[in-house]
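Novice: When you get a sec, could you give me coordinates for this:
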Amino acid sequence: MTKEELIAMGIPGEQAEKIATLHTQAMEESRAAEASAKAALEAAQAQLAQRDKDMEAMKKGAKGSEELQARLEELQTRYAQETEGLKKQLADREYESAMRGAVAEQNLLFTSKSAERAFLAELKAKGLEVREGKLSGFEGFCQEYRKTDPEAFAAPAGAARGNSAPPPPPPGRGAARAKSYTWQFIPGAETK
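Specialist: Here you go, the predicted structure:
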């Protein structure tokens, strides 16, 4: 979201610049997390390819030897367990990256870090499907979550919450003294 788009929506220039800066930072963090996840995926894929080569070499050398055959089976079991662990870890990273990207893309603002953590925990528990790096059904989840916990989301800068603006603050001591002064020295003036 650009500063110009925010200004077009009626948000004052300084606030629009702050929002645009925050949005840019969130997008950069999301891109960095995505790059980290891709690097981890490539490393895991290279590790899996190396393990496959090791197993093939063991199979060729294990012909006729029971001890080597037992060791090969042990390695295959261990590799299968490690492969499942790596796949789960990669899926978790991909889902985490998709969650953060969806939150940044939707420009969701939270009232606190704990509200954001609760939202992300519930989103993770929901287990939405990831398609091409995006969460399928995220908008519907957000609408449901807004109904169940509307106080978790902060209003965008410059926007009023609900149908009315917050009440103005009470007058300070200076305003009270000015009214008192007016009442004492100017005939016909009233204080309220």
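Novice: only C-alpha atoms for contact and neighbour calcs from this point on.
Specialist: Fine.
Novice: Give me the buried stretch members for stretch 57-77, please.
Specialist: In terms of neighbour count (16 or more other Cα atoms under 10 Å), stretch 57-77 has its buried residues at Met58, Ala62, Gln69, Leu72, Leu75.
Novice: Apologies, that question was intended for stretch 6-15.
Specialist: Residues of stretch 6-15 classed as buried by neighbour count (16+ other Cα under 10 Å): Leu6, Ile11, Gln15.
Novice: so Ala104 makes contact with His23?
Specialist: Yes - if you go by Cα atoms under 8 Å, Ala104 and His23 touch, sitting 7.1 Å apart.
Novice: how about the helices in this protein?
Specialist: Remark: helices assigned in the chain by DSSP state H are 3-8, 13-61, 66-105, 113-126, 138-148, 173-185.
Novice: Could you export those as JSON lines, including mean pLDDT and distance to Ala154?
Specialist: Shown next, in JSON lines, are the helices of the chain (pLDDT from 0 to 100; distance: least, Cα to Cα, whole Å):
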{"stretch": "helix 3-8", "mean pLDDT": "79", "distance to Ala154": "17"}
{"stretch": "helix 13-61", "mean pLDDT": "84", "distance to Ala154": "13"}
{"stretch": "helix 66-105", "mean pLDDT": "85", "distance to Ala154": "13"}
{"stretch": "helix 113-126", "mean pLDDT": "88", "distance to Ala154": "10"}
{"stretch": "helix 138-148", "mean pLDDT": "88", "distance to Ala154": "11"}
{"stretch": "helix 173-185", "mean pLDDT": "64", "distance to Ala154": "31"}
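Novice: Which one of the buried residues of stretch 6-15 is nearest to Gly140?
Specialist: Ranked by distance to Gly140 (Cα to Cα), those are led by Leu6 at 24.5 Å.
Novice: what sits against the closest one?
Specialist: Contacts for Leu6 (Cα atoms under 8 Å, 6 or more residues apart in numbering) come out as Ala16, Ala20.
Novice: one step back: dump the helices of the chain to a markdown table, plus distance to Ala155.
Specialist: Formatted as a markdown table, the helices of the chain follow (distance: least, Cα to Cα, whole Å):
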| stretch | distance to Ala155 |
| --- | --- |
| helix 3-8 | 14 |
| helix 13-61 | 12 |
| helix 66-105 | 15 |
| helix 113-126 | 14 |
| helix 138-148 | 12 |
| helix 173-185 | 30 |
